[in-house]
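In: Dropping the sequence and predicted coords here.
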Amino acid sequence: MKASRRNIRLETSSRRDFLKHLALLAGAASAGNAAWTFAAAPPPGRRFVDVTARAGIRFVHYNGAFGKQYLPETMGAGCAFIDYDNDGNPDILLINGADFPGHRRRRATMKLYHNNGNGTFTDVTARAGLDFEMYGMGVAVGDYDNDGWDDIYITGLGEARLLHNQHNGTFRDVTREAGVNNTGYGTSAAWLDYDKDGRLDLFVCNYVKWSEKGDIYCSLDGHHKSYCTPEAYPGESCRLFHNLGNGRFEDVTKQAGIYDPSGKNLGVAIVDYDKDGWPDIAVSNDTEPNKLYHNNRNGTFTQDSVQAGIAYDSNGIARGAMGIDAADFDRSGYPSLAIGNFSNQMLGLYHNEKHDFFIDVAAQSAIGQASRLALTFGLFFFDYNLDGLTDLFVANGHIEPDIARIQPQVTYAERPLVFRNDGRGRFDDVGRQLGFTRQIVARGAAYADFNNDGYPDILLTTNNGPAYLFENTGAERSRSLRIKTVGTRSNRNGIGAAVHVRSANGEQWQTVHSGSSYCSQSELTLTFGLGKAPQADMVEITWPSGQRDTLRNLKAGATYTIQEGGKILSTREFVK
């Protein structure tokens, strides 16, 4: 990553012909689909309030920097919401860096904050057994052994940790016995059941081959050492670990068709993009083509990103991609993709055209122009105002503190962006009006309803700086309902379950998923905005096992925990 990037272009005539074909399709789509027009709209009446101090969150990320401009210093780290004690309140996990070997300056660990249920949190890191040091990067949450308690996987520089939930408020490191140590430069990770056997498997992204010994001298101005771009280092392959069902995993990266040592992988989204009922995997790459692994339903994957149109930009250039997420933002029934990119490259908004093909519509939207100078790490789709339309949150921050000296229009600290979906194909930047006015060096981003009022709140991390918790609050009082899935034949979390909701406010669907954003994990419970509708007339859940359950007339204003088979295990009303 750097201010002036080497173009990585498509060379073969067949690829050039493909891009011409893509451009023709994009032009036809723009001409034939009047929905794809974008314009400004007045901001909604809802704001996000920084409640970090009031909530008791006192975390500051540490990147271990000591003047050498090492690449890993620029990248960390992520965050997660996890209800580790099953009390119904999302707790907060913040990943931390560490000192580099031989350069001891201070002790730093991750932090686990217990949600007290009254808007405040308590640091329980030591009590939970998580006060150990590692150069952490990413986190994924999932119940890999189907015991009803969520476990944690943490990636990092040269090591990873699988932490088993012991059901008593503590975690045990089972990395070695489980066989899931990732010794590369791990970044984002995600749990998924790719073979639909009822057990969660694990997908892990790796960035580049970097070490202190192999660190390369780079310079922005020709006189002073600066942070190198990933192009200076060889790539690393992602890894896929298959859950054997006895507390152990098998590395199936090569036999599954995932192995690719050219990758410089930073983000992963689990997305059934062709709606065949099997989870596919989209991976965002930094200066290498993005990847899209199609699930062949036989334990293997086929890499289809070029054919699908997400590998490169419209000029055949691989961008500096960081975070990624998937959602059906236009209610087409098919998931589209958002990918955060380097500054001067703008965010990618890949609309799913069906037929296994995407078109990047950011260029003709407010999203493209508003994000052009931003360097986007974490991002996610969510319905912040509960109108039933999927909006987009974008966390930004550069990697080079002195970037303004080279490019005066680009800043190191940057303002988060929020794009409001107005339901007519328009996305409007309303972040400033919603309270995001401060410039920060953001990295990880996740959402959850931490205070049980039905509105999704936001957790942000910054590089070598504080974490932020933003409460979603305001004058408008739209309605919502929330769905928590509990699998029986399917995995216990219900990861991969597709939930379809119909109300007087229209139809929408979401998939329970791990991963997405950048190195972070949002809550697994799904929030459906109903606008002014008093209830969901129909809720249909299609489970990974193939089981399909239909529930009717679920009233707004509560979280419903639904077991595979259609049984409502609990109903928790929102706090008024």
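Out: On my side now, so go ahead.

In: Going along the chain, name the helices of the stretch 1-150 of the chain.
Out: Under the criterion DSSP state H, counting those that start in this stretch, helices of the stretch 1-150 of the chain are mapped to 13-32, 52-55, 125-128.

In: now the chain
Out: For the chain, the helices defined by DSSP state H occupy 13-32, 52-55, 125-128, 175-178, 305-308, 366-370, 403-406.

In: Comparing the helices of the stretch 1-150 of the chain, which yields the minimum mean pLDDT?
Out: For the helices of the stretch 1-150 of the chain, mean pLDDT drops lowest on helix 13-32, to a mean of 33.

In: Would you list the phi and psi of the residue of the chain most remote from its centre?
Out: Here the chain reaches farthest from its C-alpha mean at His223, the gap being 37.1 Å by CA atoms, centre = their mean. Phi and psi for His223, reported as degrees, to the nearest 10, are phi -130, psi -30.

In: Same question for the one 5 residues further on.
Out: Listed backbone geometry of Cys228 is phi -70, psi 160, with angles given as degrees, to the nearest 10.

In: so how many other residues sit close to it?
Out: The number of residues packed near Cys228 is 21, by other CB atoms under 10 Å. Every residue, glycine included, has its C-beta placed from N, CA and C.

In: again with Lys225
Out: Lys225: 14 surrounding residues under other CB under 10 Å.

In: Kindly report the same for Ile458.
Out: By other CB under 10 Å, the residues close to Ile458 number 26.

In: Check the one 4 residues further on too.
Out: Neighbouring residues of Thr462 were enumerated by other CB under 10 Å; the total is 21.

In: Ala404 is in contact with Ala413, isn't it?
Out: No - with contacts counted by CB atoms under 8 Å, Ala404 stays clear of Ala413, the gap being 10.0 Å.

In: Show me which of these two is the more surrounded one.
Out: Neighbour totals were compared for Ala404 and Ala413, and Ala413 leads with 17 against 14 (other CB under 10 Å).

In: which residues does the residue lying closest to the more buried one once chain neighbours are set aside contact?
Out: For Ala413, ignoring the flanking residues on the chain, the nearest one in space by CB to CB, 6 or more residues apart in numbering is Gln439 at 3.9 Å. By CB atoms under 8 Å, 6 or more residues apart in numbering, the residues touching Gln439 are 411, 413-415.

In: cutoff 10 Å now
Out: 396-397, 411-416 (CB atoms under 10 Å, 6 or more residues apart in numbering).

In: want to throw the residues you listed into JSON lines with pLDDT?
Out: JSON lines is the format used below for the contacts of Gln439 (pLDDT from 0 to 100):
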{"residue": "Asn396", "pLDDT": "98"}
{"residue": "Gly397", "pLDDT": "98"}
{"residue": "Thr411", "pLDDT": "96"}
{"residue": "Tyr412", "pLDDT": "97"}
{"residue": "Ala413", "pLDDT": "98"}
{"residue": "Glu414", "pLDDT": "98"}
{"residue": "Arg415", "pLDDT": "97"}
{"residue": "Pro416", "pLDDT": "98"}
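
In: and the two most separated of the residues you listed?
Out: Distance extremes for the contacts of Gln439: the farthest pair is Tyr412 and Pro416 at 14.6 Å, using CB to CB.

In: These two: which has the busier surroundings?
Out: Between Tyr412 and Pro416, Pro416 has the larger neighbour count (other CB under 10 Å), namely 29 against 17.

In: quick one, strands of the stretch 301-450 of the chain?
Out: 301-303, 321-327, 336-341, 348-352, 358-360, 376-382, 391-396, 417-421, 427-429, 442-448 (DSSP state E, counting those that start in this stretch).

In: Where among those is average confidence lowest?
Out: When I compare the strands of the stretch 301-450 of the chain, strand 427-429 is least confident, with a mean of 93.

In: and that one, what other elements does it pack with?
Out: Applying 3 or more CB pairs under 10 Å, 6 or more residues apart in numbering; DSSP states H and E, one finds that strand 427-429 contacts helix 366-370, strand 391-396, strand 417-421.
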